[in-house]
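Asks: compute the structure for the input listed below.
(one chain, ligands or ions: 2)
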Amino acid sequence: MIKVGIVGGTGYTGVELLRLLAAHPEAQLTAITSRKEDGLPVADMFPSLRGHVDIAFSSPDKADLKQCDVVFFATPHGVAMAQAPELIAAGVKVIDLAADFRLKDQATFEKWYKIPHSAPDLLEEAVYGLPELNHEDIKKARLIANPGCYPTTMQLGFYPLLKAGIIDAGNLIADAKSGVSGAGRKAEIGTLFSEASDNFKAYGVHGHRHTPETSAQLQRYTDQKVGLIFTPHLVPMIRGMHSTLYARLTQDITNDALQALFVEQYKDAEFVDVMPFGSHPETRSTRGSNMLRIALHRPDNGNTVVILVVQDNLVKGASGQAVQCMNLMFGLPESTGLKQIALLP
Ligand SMILES: NC(=O)C1=CN([C@@H]2O[C@H](COP(=O)(O)OP(=O)(O)OC[C@H]3O[C@@H](n4cnc5c(N)ncnc54)[C@H](OP(=O)(O)O)[C@@H]3O)[C@@H](O)[C@H]2O)C=CC1
Ligand SMILES: CC(=O)N[C@@H](CCC(=O)OP(=O)(O)O)C(=O)O
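Replies: Numbering: from 1, shown residues only. Ligands and ions are numbered 1, 2, ... in the order given. Alright, predicted model coming up:
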């Protein structure tokens, strides 16, 4: 059994990790931290876990994380970088759901996250945890930088076209919508029911930290200079993410050939569903599951491809993806414990 620790077990990605790992046949929940709930049985806070999780929260300074084989950090940016060096030196694998190790360039990280990086020596070693594109490196990794939720949709949507060299990489556009759980469980005015429900708005239009993350990753796959305009929106639902991506074709290609590119690229990807050309994927078709669905469109058969991508921000956009990485790091089949079918309605 893989002994698992979770730092930040009371947040939304933390409890999602608990839901997935409690049902994982090879994982043993060993330490779960909370600064505020030290000693409280986990299932007292989350009754959905009664009968499945029988340990209590412990404060991060008391939790013996070094006895674990892997520790997930489901914490705000800046927490994992403080503890990862010691854990890794002790032979513990680390999976950070925050952004501490996602950007290789320290200055870019500090510019966007406005905190000094305390473990820059680990930036080079960290492996970006997007299994569909980084499978082999993840298997060997000691430290995983789990991708942001929006960047997962943007990368998996643009990648086949970029790799084929048939789009203008300098003019990528992503118009994306997230459910409110994307902002986490912490108390904030913007996520109050009366602020976020029956309402719809864009945010971060002049610049969002997921733009440099996505651009830096996409840049690995093309010689052209990547240019990305990304506009996130908050939609009045709890879970779910819908990204509408636009790319300009630079070569003649039929719709069948476009579709074939995506089908071929993801034929072995258990968690990417390339739907029939012209489909309209719904966020609820991924709710609670680790599946990401993609559908291609070509308005008026012109030179713009529209790529629709949906996922559950808490599963494929965060905790499910992190468990997928754990499976690879420990030599397990990638889908172990991740076969949940989406909830409908
Ligand atoms: N929500 C989402 O859809 C996604 C989130 N992420 C990223 O995952 C991370 C977690 O997000 P989310 O679960 O939404 O956040 P939440 O705000 O819901 O939870 C944060 C958790 O971190 C703990 N925590 C906060 N500060 C510290 C600290 N200094 N030391 C130790 N623990 C701390 C909190 O617990 P306590 O106060 O009890 O200690 C809580 O359990 C974030 O970095 C987020 O950006 C990534 C992709 C998607
Ligand atoms: C709706 C909402 O607020 N979403 C979050 C993104 C969540 C995520 O992926 O976060 P990290 O990259 O910070 O880990 C945001 O836009 O800040």
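Asks: after the helix or strand hosting residue 232, which helix or strand is next?
Replies: For residue 232, the element it lies in under DSSP states H and E is strand 228-234. Proceeding N to C from strand 228-234, the next assigned helix or strand is strand 241-248, under DSSP H and E.
Asks: tell me if that following strand is near ligand 2.
Replies: No. Strand 241-248 stays clear of ligand 2 (Cβ under 6 Å from any ligand atom), getting no nearer than 8.6 Å. Where you see a C-beta, it was placed from the backbone N, CA and C, and this is true even at glycine.
Asks: give me the spatial nearest neighbour of residue 78, chain neighbours excluded.
Replies: residue 115 (4.8 Å; Cβ to Cβ, 6 or more residues apart in numbering).
Asks: I should have written residue 63 there, sorry.
Replies: Of all residues not flanking residue 63 in the chain, residue 31 sits nearest, at 4.4 Å (Cβ to Cβ, 6+ apart).
Asks: the one you found in helix, strand or coil?
Replies: Secondary structure assignment for residue 31 (DSSP: H, G, I helix; E, B strand; the rest coil): strand.
Asks: which strand residues bridge it?
Replies: Judged by DSSP bridges, the bridge partners of residue 31 are residue 5.
Asks: follow-up on the earlier one: next up, phi/psi of the residue nearest to residue 78, please.
Replies: Here is the backbone geometry of residue 115 (degrees, to the nearest 10): phi -130, psi 140.
Asks: so what's the residue count around it?
Replies: The number of residues packed near residue 115 is 13, by other Cβ atoms under 10 Å.
Asks: quick one: contacts for residue 153?
Replies: 174, 176, 241, 243, 245, 292, 309, 310, 311, 317 (Cβ atoms under 8 Å, 6 or more residues apart in numbering).
Asks: nearest residue to the residue of the stretch 1-150 of the chain at minimum distance from ligand 2 other than its sequence neighbours?
Replies: For the stretch 1-150 of the chain and ligand 2, the shortest gap (Cβ to the nearest ligand atom) falls at residue 148, measuring 3.2 Å. Excluding the flanking residues, the one nearest residue 148 by Cβ to Cβ, 6+ apart is residue 210, at 5.0 Å.
Asks: wait, doesn't the one you found sit right on residue 241?
Replies: No. Residue 210 is beyond contact range of residue 241, at 11.4 Å (criterion: Cβ atoms under 8 Å).
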